[in-house]
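Participant: Sequence and predicted model, in that order:
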Amino acid sequence: MSGSAGIAPDNVAGNNYDKYASTNPIEQRMMRGFFEALDAALDGLSPSTIVEVGAGEGRITEHLAARFPDATICGLDLPDDELAGQWSGLDAPMLFGDVTRLPFVDGSIDLVIGLEVLEHVPDPRRALAEIARVGASHAIVSVPREPIWRIGNMARGRYLRDLGNTPGHVNHWSARSFERFVGGELTVERTWRPLPWTMVRARVT
């Protein structure tokens, strides 16, 4: 969730705020809820291959590597020298790439993870179609839940000129509209709503 979101250089990049490293107790509590939802979404899955698109600093990729130590795992994000420097020391290989043109063959990845990615992509349907194309079993995707996300930003005095919209967020979904969006390409199995996000686990059809 670094903001680069695994999108091509000519696409819209997001902010570079690292939520995972926050020392703010409210944000720490929010991130605990996020990880609890992620772990719940991972329950019952036993993937042998995992790709995280929009991997950012690689913190989720590391979490996945610890959760599935026998799986082949890699992260992918937008080419960026500063970001690549943060990948040093990660156990999982990290790749540069574009979520709308994934460098994997059809049906080759058991589990595709895309957390805080699709809100950044000018063509999110193409990105979701790519996730479906390379997926062999499941995908887990999340986005900020609107309008709660923007209201929260404004309550903290952030991005007031943009009515609380985080820089780089070009798509906005409520929980139900995101379920419908994901359901247009995949079969939604379950939705979690850790404030202020929506997270969906879906089966590749």
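Facilitator: Everything's here; your move.
Participant: can you map out the strands along this protein?
Facilitator: 49-53, 72-77, 94-96, 109-115, 135-144, 187-192, 197-203 (DSSP state E).
Participant: Sheet-wise, list the partners of the third one with their directions.
Facilitator: For strand 94-96, the pairing partners within the sheet under DSSP bridges are strand 72-77 (parallel).
Participant: Now the one helix or strand in the chain whose mean pLDDT sits lowest: buried residues?
Facilitator: Lowest by mean pLDDT, DSSP states H and E among the helices and strands of the chain is helix 81-86, with a mean of 82. Residues of helix 81-86 classed as buried by neighbour count (16 or more other CB atoms under 10 Å): L83, Q86. All C-beta atoms are positioned from the backbone trio N, CA, C, and that covers glycine.
Participant: tell me what it is packed against?
Facilitator: Using 3 or more CB pairs under 8 Å, 6 or more residues apart in numbering; DSSP states H and E, no helix or strand is in contact with helix 81-86.
Participant: Just give me the longest helix of this protein.
Facilitator: Looking across the chain with DSSP state H, the single longest helix is helix 25-42.
Participant: residues of it that come out buried?
Facilitator: For helix 25-42, using 16+ other CB under 10 Å, the buried residues are M30, M31, G33, F34, A37, L38, A41, L42.
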